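S.K.: build me a structure from this.
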Amino acid sequence: MLDLKRIPVTAWIGLVLTAGFLICAIFAPWIAPYGKGEIVGDVWAPASGQFWLGTDNLGRDLLSRMIYGARTTIFIAVMATALSFSLGSILGLTAAVVGGWLDTGMSRFVDLLMAIPTLIFALVVLSVLPSTLVTLILVMGILDSTRVYRLSRAVAVDINVMDFVEAAKLRGEGKGWIIFREILPNALSPLVSELGLRFIYAVLFLSALSFLGLGVQPPDADWGGMVKENKDGIVFGIPAALIPAAAIAILAISVNLVADWVLNRTTDLKGGRGNG
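M.R.: Numbering: from 1, shown residues only. Here you go, the predicted structure:
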């Protein structure tokens, strides 16, 4: 059972901040004072009692845009991370267990994809395909799955030669049992650590795409797009572009703190034990 008193301060900070972002994302329509595209004031109005963070380049409430931006940013990043981990880990574990031509072919294909800069690859694909949420999730998830594949395969290759896996093979267990009941539970520690990093990367990747104009399209809000929309105000000392940039940094730090804590707990609980 989880002892709340033993949770370190850094983990509490990460949990509280991450929970705050998640609450904003889930309950955005009920929390935001105004609609995400509603023009309510002057352009780049300063913070006030009516507009807590001021307004943006079109006179929209910046706080409302930030809250709706949290929903879009976190949703796309979570879905892309889930896709990349589902695809990358299953293929990586399968390649390590099956071996032979399947392992060689998949590994060389992944090497080919990783040789192409990810951002350039995504920009080329998104310049041809429509920039819908589904397209963004698929492109980000598939490109990011190559990193998960390399990690999961490398971990699985080491675990596959351990005694408890050999014992499962001698018992006549199938490859599905070996992958999901023997190798996967013992590969959780590095995968959990990588999960947090991949989510952070997905947030940064989405923000970069939106800043370049091929991510989330207006009038929908995401933090990278908000930085792009308000970047001209920095010259005049207007912080409208710095607020979403700070939110991206805070989210990345908070998720990383939680991931580190979960990694430590997973390592302590698993301890490299087999399930055979």
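
S.K.: distance check, A19 against R153.
M.R.: Distance of A19 to R153, computed by Cβ to Cβ, to the nearest Å: 34 Å. Yep, even glycine has a C-beta here, placed from its N, CA and C like the rest.

S.K.: between these two, which is the more surrounded one?
M.R.: R153 (22 against 12; other Cβ atoms under 10 Å).

S.K.: what's the closest non-adjacent residue to the more buried one?
M.R.: G92 (3.8 Å; Cβ to Cβ, 6 or more residues apart in numbering).

S.K.: kindly report the same for K231.
M.R.: A241 (4.8 Å).

S.K.: quick one: residues contacting that neighbour.
M.R.: Residues in contact with A241 (Cβ atoms under 8 Å, 6 or more residues apart in numbering) are 226-227, 229-231, 233-234.

S.K.: highest neighbour count among the residues you listed?
M.R.: Result: M226 is most packed of the contacts of A241 (other Cβ under 10 Å), 30 neighbours.

S.K.: wait, it sits on T55?
M.R.: No - using Cβ atoms under 8 Å, M226 is not in contact with T55, being 12.0 Å away.

S.K.: ok, back up a step: what about the residue nearest to R153, which SS state?
M.R.: What DSSP: H, G, I helix; E, B strand; the rest coil gives for G92 is helix.

S.K.: and it, what pLDDT?
M.R.: G92 is assigned a pLDDT of 91 by the prediction.

S.K.: what residues sit buried inside stretch 88-108?
M.R.: Buried residues in stretch 88-108, defined by neighbour count with 16 or more other Cβ atoms under 10 Å: 88-97, 103, 106-107.

S.K.: phi, psi for the closest residue to T135 other than its chain neighbours please.
M.R.: Closest residue to T135 apart from its sequence neighbours, by Cβ to Cβ, 6+ apart: L129 at 5.1 Å. Reported as degrees, to the nearest 10, the phi and psi values for L129 are phi -90, psi 160.

S.K.: any idea how far L129 is from D158?
M.R.: With Cβ to Cβ as the criterion, L129 and D158 are 38 Å apart.

S.K.: pLDDT wise, what is the most centrally placed residue in the chain at?
M.R.: Centre of the chain computed as the mean C-alpha position; nearest residue by Cα atoms, centre = their mean is F199, 1.9 Å away. What the model reports for F199 is a pLDDT of 91.

S.K.: cool, and G59?
M.R.: Predicted confidence (pLDDT) for G59: 91.

S.K.: neighbours around K175, how many?
M.R.: Neighbour tally, K175, other Cβ under 10 Å: 12.

S.K.: also A122?
M.R.: A122 - counted by other Cβ under 10 Å - has 24 other residues nearby.

S.K.: appreciated, that's everything.
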